[in-house]
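**Q** Sequence below, structure please.
(one chain, ligands or ions: 1)
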Amino acid sequence: MKTGDARNIVYVLGHARSGSTILNILLGNISGVFAAGEISNYDVSGWKSDEFCSCGKKACECEFWSAVRQSVEPCLNLDSDELQSVTKAVDNWRSILPSKKSKAVTKLSDKYNQFAIGLYKAIFDQAGCDWVVDASKSPMRMHSLLRNDELSYYVIHVVRDPRAVCYSLNKALKKDPKGGVQKDLNGRPYLTTIKELYLSAFLSHLIKNKLPSERYIRLKHEDLVESTESVLVGLGSFLKVDCSELISRLASDGVLAQSHNVAGNRLRMQKNIKIRYDSSWLTEAGAVKHVGATLLLAPLLLWFKYPIFRKKRCE
Ligand SMILES: [Zn+2]
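**A** Below is the predicted model:
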């Protein structure tokens, strides 16, 4: 891995609904940092499905992503279907296991990286920044990218009280393309999310072990939204970037600007975002689900240093 390179990727690692979108937006408000969102989904959300960008335009009409596409497409030696099958293979969690070091896995990973790094470079050129945030979250993507040493990676592993994640994913969402929801989403059963949370924690731990200690940090979503200033001071020293202007802005009006994101949580489509803690899971999850999730998630709560018992708060 390169050190001291002028171009760096801030990779946001974690599980869905753990706060990666708000972290991406916050980082994108630091001078010299471009927050690109879930770049791993760009080929599907941006190219194939032409979804809405957070600037309000369709991806094909957005000046930023159109310019990125023009720069990447001539160098792309995979068609769309090939790219998706390579992505599917690399995104299989088994590909990350230490036993999986076959030539076939390496070859797929090389193809995947070629596209991913070409895309990163086009984003760097278009944004004119030395820092790009990739909030793709996937440990498998990070694992594949770490095989290549063309760019430097700083990993922020964002975690949230796993019971809040279960509650959030259990809620169904109605299709709202302009609002950032591309199709009706059924609520995910608690047990499915609990299994995924353990797997995500285990795979993220493998990524942590592959990185030098100064390139990995674990961040609680709750600290980010409740103690934003001190978290920003810590992130500034982790990334060696100056967050003072953003800290002053948050202290005065607290409003965050959006950049160009074509994939990710629906929060990316909101304007004038203010950071706030959503504690609805504490009151609305229901006693049976809450107690059951607490029992099943107790090892994870302890691992991430969350209290087993949480008080309901008045807001
Ligand atoms: Zn845009």
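
**Q** Low-confidence stretches in the stretch 1-150 of the chain?
**A** For the stretch 1-150 of the chain, applying pLDDT under 70 flags the ranges 1-5, 98-101.

**Q** neighbours of the residue in the stretch 201-315 of the chain that the ion sits nearest to, just the number please.
**A** Of all residues in the stretch 201-315 of the chain, residue 260 sits closest to the ion, at 3.5 Å by CB to the ion. C-betas here are computed from N, CA, C, even on glycine. The number of residues packed near residue 260 is 24, by other CB atoms under 10 Å.

**Q** where's the closest residue to it other than its chain neighbours, which helix or strand?
**A** Excluding the flanking residues, the one nearest residue 260 by CB to CB, 6 or more residues apart in numbering is residue 64, at 4.2 Å. Secondary structure from DSSP states H and E places residue 64 in helix 63-72.

**Q** Name the residues of the following helix or strand past that helix that are buried.
**A** Downstream of helix 63-72, the next assigned helix or strand under DSSP H and E is helix 80-90. For helix 80-90, the buried set under the neighbour-count rule, 16 or more other CB atoms under 10 Å, comprises 83, 86-87, 89-90.

**Q** just to revisit the earlier point, ok, and for the helix holding residue 64, which residues are buried?
**A** Applying 16+ other CB under 10 Å to helix 63-72 flags 64-66, 68-69, 71-72 as buried.

**Q** How about stretch 268-281?
**A** Buried residues in stretch 268-281 (16+ other CB under 10 Å): 268-270, 273, 279, 281.

**Q** just checking, which of these belong to helices?
**A** Judged by DSSP state H, helices contain the following of these: residue 281.

**Q** ok, so of the buried residues of stretch 268-281, who is nearest residue 112?
**A** residue 268 (24.0 Å; CB to CB).

**Q** List the contacts of the closest one.
**A** 21, 24-25, 37, 54, 180, 258, 261 (CB atoms under 8 Å, 6 or more residues apart in numbering).

**Q** So which of these is the closest to residue 248?
**A** Among these, residue 25 lies closest to residue 248 (CB to CB), at 17.5 Å.

**Q** about what we covered before: so which of the contacts of residue 268 is the closest to the ion?
**A** Looking across the contacts of residue 268 and measuring by CB to the ion, the closest to the ion is residue 54, at 6.4 Å.

**Q** Tell me if I'm right that that closest one and residue 256 touch.
**A** No: if you go by CB atoms under 8 Å, residue 54 and residue 256 don't touch, sitting 11.5 Å apart.

**Q** Compare those two and say which is more crowded by neighbours.
**A** Ranked by neighbour count (other CB under 10 Å), residue 54 and residue 256 place residue 54 first, with 24 against 19.

**Q** What does the more buried one show for phi and psi?
**A** phi -70, psi -10 (degrees, to the nearest 10).

**Q** do the one 4 residues further on as well
**A** Main-chain dihedrals, residue 58, degrees, to the nearest 10: phi -70, psi 150.

**Q** Show me what it bridges to in the sheet.
**A** Beta-bridge partners for residue 58, by DSSP bridges, are residue 52.

**Q** I'd say it and residue 46 touch.
**A** No: taking contacts as CB under 8 Å, residue 58 lies outside contact range of residue 46: 9.6 Å.

**Q** Comparing the two, which shows the higher neighbour count?
**A** residue 46 (26 against 16).

**Q** Would you check that the more buried one makes contact with residue 66?
**A** No: Residue 46 lies out of contact with residue 66 (CB under 8 Å); the separation is 9.7 Å.

**Q** on that earlier part again, relative to residue 289, which of the buried residues of helix 63-72 is nearest.
**A** Of the buried residues of helix 63-72, the one sitting nearest to residue 289 (CB to CB) turns out to be residue 65, at 39.4 Å.

**Q** who touches the closest one in this structure?
**A** Going by CB under 8 Å, 6+ apart, residue 65 touches 42, 46, 53, 59, 260, 262.
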